[in-house]
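A structural model of the following input is requested.
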Amino acid sequence: MSLLRTLISIIFLTSFSIAAETELKIRGIKGDLAQNVDNHIARYDKADISGSLRFQMKLQQDIETALQALGYYQSEVEFTLSEKSGKTTLLVDVTAGPPTRISTADIQLSGDAADDPQFSELLKNQAPQAGDILHHGKYDSLKNELRSLALRRGYFDAEFSRSRLEVIPERNQANITLHFASGTRYKFGEVSFSGQQIRERWMQSLLPFQPGQPYLASKLGEFNQAMANTNWFSSISIEGQTEQITDYTLPIIVKLEPRQRNSVETGIGYSSEVGARLRLSWFKPWLNDRGHSLDSNLILSNAEQNIEGTYKMPLADAANDFYQFQYGYGVKDYTEQNEVRTKVSNLAAERHWLLANDWYRTASIRWLYEEATEFDKRNTSNILMPGLSFNRLRQSSGNMPKSADRLLLAVEVSDKSWGSDENFVRLRARAGWIGMRGNDHRFVTRADAGAVIGAALENLPPSLRFFAGGDNNLRGYGYESLPIQDSATDIAGGRYMATASVEYQYRVKGNWWLASFFDYGSAWNDSPDFKRGIGLGVRWGSPVGPVRLDFGYGLDSGERKAFHIHFALGPEL
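As a prediction, the model looks like this:
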């Protein structure tokens, strides 16, 4: 638009009455162009919009700036001010014009980064090419990504030896020159510790890198996380000793403060499934300079009373390999009428490994002594079971992970030849997946299955049988209420169990979500009697993990109580 035409149009438009509130309408552009224009004019309130000369000039400048950022330098903007039924409308017709395209893109890497595949991948995915429409945001983003990647991968002397963006609007052309000189990549130096109470050998085993390896910031993050996971320290600080750099080698110093040797926690809660619950925990995060720890818990409720202790012994690879010894004693009522009641002593020794493929392998041997009263029948069980399990959990960060998957496979074997009362094999498998679509739609699926092969069901202690129902596998039914427990069967629980769950969550605001779910499954002995549960729930992504409140309805509960409230705190998989 010529200058004369613009002035005539503005003078004509300003002759209209603008006393009333003015509505702004922009047309002629769509997609990214419209979105970027909206972003630039979002700073205007309704009260700011008018047909005045000053506002139109500011608005035209904002629109042109927004379009130029996406490569459109030949735009035209026309204003029409109309008044109808006392309502004033400022109509803006925008013609984007031809785009400015990149004529030449001279992008070069020098230094060690020239042979770094991460930089090659970055340029492959983000570097502008000749013929592309100029996009200032992508150009700036590439520069920032090069700087950021250089810092993360130890190119501390990196800089742009040439950085130029030339735009020739009258030709609709642009020329890009980016020469990035990375210099030499730095290496990790020796790691020294101060303030630690744990042996140097155990501390060094936590390192995910070795001195002399190329620097990588993510390795320092892994190192920090490994130290935090030990629970040995109350404060962790990792610093590079930049004043002692020699031959591009960065020494690392770790400053630590020991955690208090005793930690006591209490908690009280209520669940519709087990009633009031009291918990008392006593944790000793380190007992000696080898990092041994002791964790003990007392749990009291109407249905269950448990006391347990765990002694952990880290090995040479302290972060990944350890021995663990556990003992627990518990009393449990499986029915409200106390028709099935057990007293269980459980002693276990375990060896844990983290394998190279991110699976945790656990070899164990467990001794179980159980006294059970089951519908006026009393018996004792003495079971010795070696076992093996594989477990893998992968998830994104955050209190409500955007993605996660979990797999668990476990087997335990009992045989009379080594002193057990029964011969059987007990199998267990779990799987779960979490995914998201966009930022507000979240999906959670779970599956759980188990089987005992060999011994007759009535000869198995109740703690080794399978039950369904409750917040973890079949909502809408009472906690471990399936199969139906009554004196007619003389047996509680089942030989088999299989449940599955599908859940959809919608973000309402921030860390608050609404959920709907469908659960399916049961536990049985001879033939399955699958049950269905549906319901709605509320989720809160708390700092300690998801808090879940569910209102479940058992579609196949028959004459039994069909509506149940379920409350849970902790991981969803």
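
any low-confidence regions in the stretch 201-350 of the chain?
269-275, 335-338 (pLDDT under 70).

all helices for the protein, in order.
Under the criterion DSSP state H, helices of the chain are mapped to 3-13, 31-41, 53-69, 117-126, 136-152, 200-204, 217-229.

just put the ones you listed in TSV and tack on distance to Phe518 and mean neighbour count.
Any C-beta I mention is one placed from the backbone N, CA and C, and that applies to glycine too. Shown next, in TSV, are these (distance: least, CB to CB, whole Å; neighbours: other CB atoms under 10 Å):
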stretch	distance to Phe518	mean neighbour count
helix 3-13	59	12
helix 31-41	37	16
helix 53-69	46	17
helix 117-126	40	13
helix 136-152	42	15
helix 200-204	48	15
helix 217-229	36	15
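
just give me the neighbour total for Thr362.
15 (other CB atoms under 10 Å).

so it touches Asn391, yeah?
Yes - at 7.2 Å, Thr362 counts as touching Asn391 under the criterion of CB atoms under 8 Å.

for Gln244, which of the helices of the chain is the nearest?
helix 217-229 (16.8 Å; CB to CB).

neighbouring contacts of that closest one?
Here helix 217-229 makes contact (CB atoms under 8 Å, 6 or more residues apart in numbering) with 151-154, 188, 206-209, 233, 236, 238, 252, 254, 256, 319.

switch the cut-off to 7 Å
Arg152, Leu206, Leu207, Pro208, Phe209, Phe233, Ile236, Ile238, Ala319 (CB atoms under 7 Å, 6 or more residues apart in numbering).

give the buried subset of those as a ChimeraX selection command.
To isolate the buried subset of the contacts of helix 217-229 in ChimeraX, counting by 16 or more other CB atoms under 10 Å, use the following:
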select :206,207,209,233,236,319
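
of all pairs in the contacts of helix 217-229, which one is the farthest apart?
Arg152 and Phe233 (25.0 Å).

what lies in contact with the longest strand anywhere in the chain?
Secondary structure assigned by DSSP state E gives strand 377-395 as the longest strand of the chain. Here strand 377-395 makes contact (CB under 7 Å, 6+ apart) with 358-372, 401, 403-414, 418-422, 461, 490, 573.

please redo it, this time with the cut-off set to 6 Å
Identification of contacts with strand 377-395 by CB atoms under 6 Å, 6 or more residues apart in numbering yields 358-372, 401, 404-412, 414, 418-421, 461.

grab the nearest non-local neighbour of Leu315.
Asp321 (4.3 Å; CB to CB, 6 or more residues apart in numbering).

let me fix that, I meant to ask about Phe563.
Tyr553 (5.6 Å).

what's near enough to touch that neighbour?
Taking CB under 6 Å, 6+ apart, one finds Gly476, Ile534, Gly535, Ala562, Phe563 in contact with Tyr553.

now Ser516
Ser516 neighbours (CB under 6 Å, 6+ apart): Tyr504, Leu536.

what residues are bridge-paired with it?
Beta bridges link Ser516 to Tyr504, Leu536 when assigned by DSSP bridges.

start the count at 56 instead of 1 going forward.
Okay, residue one is now 56; in that scheme the one you just asked about reads as Ser571.
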